[in-house]
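Visitor: here is my input, please return the structure:
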Amino acid sequence: MSTLRVNNLKSRTGTAVTITSGHSLDVEGGLSIEGNSLVTGVSTFSGITSFTNGANVTGVVTFTELSIQSGVTTFSGNVNVGGVLTYEDVTNVDSVGMVTARGGIEIGAAGVGGTITSAGAAEFVGIV
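Guide: The predicted model follows:
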């Protein structure tokens, strides 16, 4: 078995590397990807996969451990999380089940339903 060690991997034309259907890239250990990355098709990443400037993910993609440091990240289709999901800087979260909130909770539209502030004050509209 041979070992190939590189600092930068580009295609023959100097553009990003594209791995087409029927071919594979096996990476032992973690994979760190810089720049805004596009992942499409059926892809499986095992180990720690890290995107340092956002990611655009389409198709059936499986990550065993995923880290996105910054940038815009988009997922088209359903996203399933089997473990713990941690995220920040999010507004208007539609959640079912247990919720932990730092800045208060609004139920329904503004002024309709109810509001619970982060200080613990609660205001409800209608029959309580």
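Visitor: next, count neighbours for residue 79.
Guide: Per other Cβ atoms under 10 Å, the neighbour tally for residue 79 reads 9. Glycine gets a C-beta too; all of them are placed from N, C-alpha and C.
Visitor: OK, contacts around it?
Guide: Not one residue lies near residue 79 by Cβ atoms under 8 Å, 6 or more residues apart in numbering.
Visitor: any chance you could list what contacts stretch 52-72?
Guide: By Cβ under 8 Å, 6+ apart, stretch 52-72 touches 32-51, 73-77.
Visitor: convert the helix or strand hosting residue 45 to PDB, retaining C-alpha atoms only.
Guide: Using DSSP states H and E, the element containing residue 45 is strand 43-51. What follows is strand 43-51, C-alpha atoms only, in PDB (Å, rounded to 0.1, in the frame of the first residue of the first chain):
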ATOM      1  CA  SER A  43     -21.900  10.500  -0.600                       C
ATOM      2  CA  THR A  44     -20.800   8.900   2.600                       C
ATOM      3  CA  PHE A  45     -18.300  10.600   5.000                       C
ATOM      4  CA  SER A  46     -17.000   8.600   8.000                       C
ATOM      5  CA  GLY A  47     -14.800  10.200  10.600                       C
ATOM      6  CA  ILE A  48     -14.800  13.900  11.300                       C
ATOM      7  CA  THR A  49     -15.700  16.000   8.300                       C
ATOM      8  CA  SER A  50     -15.100  19.800   8.700                       C
ATOM      9  CA  PHE A  51     -16.200  22.600   6.300                       C
END
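Visitor: what's the first helix or strand after it?
Guide: With elements assigned by DSSP H and E, the helix or strand that comes after strand 43-51 is strand 55-57.
Visitor: tell me the strands beside that following strand, with direction?
Guide: Sheet pairing of strand 55-57 (DSSP bridges) gives strand 37-39 (parallel), strand 73-75 (parallel).
Visitor: who touches residue 105 in this structure?
Guide: Taking Cβ under 8 Å, 6+ apart, we find residue 105 in contact with 99, 115, 116.
Visitor: which ChimeraX command selects the buried ones in those?
Guide: Buried residues among these (16 or more other Cβ atoms under 10 Å), as a ChimeraX selection:
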select :115
